[in-house]
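Q: Any chance you could fold what I've pasted below:
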Amino acid sequence: MKQNLFFILIVSMVVLAACGGTNDKETKANGDDTISIVMNNHAPATHHLAVNAFDPWKEYIEEETDGRITIDLYHGGSLGDAASAHDDIVGGAYDLGIPPSDYTENTSLFPWTLSDLPFAFETPDITSEVVSEVMDEFAIDQIDENLVHLGTAGLDPSMIIAVDELDSADDVSKLRIAASSELVTDLTKQWGATPVSLPYSETYEALQRKTADAVVYTGAGSIGMSYYEVAPNYINDVHPTTGTLPLVINKEVYDDIPDDLKDKFDNEYAPKLVEMMNDSYSKEMETFREELEEKGVNFIDLPEVDVEKLKEPGKTVWDNWIEMADKRGYDGQGIVDRTMELLEEQSVEVDYLK
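A: Presented below is the predicted three-dimensional model:
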């Protein structure tokens, strides 16, 4: 009798467990469950991306899903800085983030460093469109299996932001330039300048203490980082790099998004955030100069001969990148050729690379 009772008990537990699993699946399919996604923004809460994109997107997605998807948003790199964003998301330190392309050189998002190559990309929309198409063709299937790529936003072109006034390419060659990536380091060396390896989070202090003389950073983004306070001289007609922000989510968390919301997350909610990020940079491109001039920034136009002198070494950086891509198992030349085709379709001048 005891054996029979034990057998009945085991069978009952199995049946209950099976029913519970079925109910869980039915609950997920019927849309009765919720998920909280932890998002980290490495920039300050005052940065235009936080104000124009991340904060309003949090409200948007929570309203659109009636609170079934909530975004637990942290600003100021509270959960990790930009340099570790890729690994932090893979490892589950947080769920959703934007590893800047200039910090992805040694990660599975290496191909996105394409957008940091010098003197080719001009606007956030064009950068986002071209890089997204190239990545879909050459790189998406090789990112870390623990990540899901949701889209790519483009930044505004960078500027040389310096502590002291600059008048020529020769002045640039004498600078110690804060460099966050190998590509900026390479370009800095090609100029004859000295790269100082620093994350953006430490650059303000370096400029303040004059352990660095300048930084290559976006004009619009520099407002949120307050670089203008310690480096008020901006070269207006030299835009060395642009960069992108790939939006990625931890796959395990992504898989937990309710089934009936996943399609909307992929095709509406995530693209909406990328659109808001692109719009934010585009909007700031139109207004940042006036705002910075009111803060006392000196915008400098170099003589054309000096601009060309600074652009010329860019071709070497592109050639070096192709070698880097090939060593990592990518079709470096194929990626660059396709990029050139798409840029020309956008009427972007790339003759200096030929």
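
Q: burial count for residue 123?
A: 19 (other CB atoms under 10 Å). In this view, the C-beta of every residue, glycine as well, is placed from N, C-alpha and C.

Q: cool, residue 287 as well?
A: Neighbours around residue 287, by other CB under 10 Å: 12.

Q: Check which helix or strand it maps to.
A: helix 270-294 (DSSP states H and E).

Q: which residues touch that helix?
A: 48-49, 51-54, 56-57, 60-61, 98, 123-125, 128, 150-156, 218-223, 228, 234, 236, 245, 247, 299 (CB atoms under 8 Å, 6 or more residues apart in numbering).

Q: Just the buried residues from those residues, in ChimeraX please.
A: This is the ChimeraX syntax for the buried subset of these, where burial follows 16 or more other CB atoms under 10 Å:
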select :48,49,52,53,54,57,60,61,98,123,124,125,128,150,151,152,153,154,155,156,218,219,220,221,222,223,228,234,245,247
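
Q: Can you give the domain ranges for this protein?
A: Using automatic domain parsing, the domain ranges for the chain come out as 34-155+243-286, 158-242+289-312.

Q: Off-centre distance for the longest one?
A: Between the mean C-alpha location of domain 34-155+243-286 and the chain-wide mean there is a distance of 7 Å, by CA atoms, centre = their mean, to the nearest Å.

Q: can you tell me the distance between the two ends of it?
A: Terminal residues of domain 34-155+243-286 lie 39 Å apart, using CA to CA, to the nearest Å.

Q: one step back: got a markdown table for the domains of the chain, with mean pLDDT and distance to residue 337 too?
A: Below are the domains of the chain laid out as a markdown table (pLDDT from 0 to 100; distance: least, CB to CB, whole Å):
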| stretch | mean pLDDT | distance to residue 337 |
| --- | --- | --- |
| domain 34-155+243-286 | 96 | 10 |
| domain 158-242+289-312 | 94 | 19 |
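
Q: would you turn those domains into TSV with distance to residue 328?
A: Shown next, in TSV, are the domains of the chain (distance: least, CB to CB, whole Å):
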stretch	distance to residue 328
domain 34-155+243-286	6
domain 158-242+289-312	12
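
Q: now the spatially most central residue of the chain: how far from residue 222?
A: Geometric centre of the chain, nearest residue: residue 245, 1.8 Å, by CA atoms, centre = their mean. Counting by CB to CB, to the nearest Å, the separation of residue 245 from residue 222 is 16 Å.

Q: Figure out which of the domains of the chain is closest to residue 346.
A: domain 34-155+243-286 (5.1 Å; CB to CB).

Q: Restricting the selection to alpha carbons, write the helix or strand containing residue 172 to CSV.
A: Using DSSP H and E, residue 172 falls within helix 169-173. Output of helix 169-173 as CSV, limited to C-alpha atoms (Å, rounded to 0.1, in the frame of the first residue of the first chain):
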residue,chain,number,x,y,z
ALA,A,169,48.0,71.6,-38.6
ASP,A,170,51.5,72.0,-37.1
ASP,A,171,49.8,73.1,-33.8
VAL,A,172,47.8,69.9,-33.9
SER,A,173,50.9,67.8,-34.3
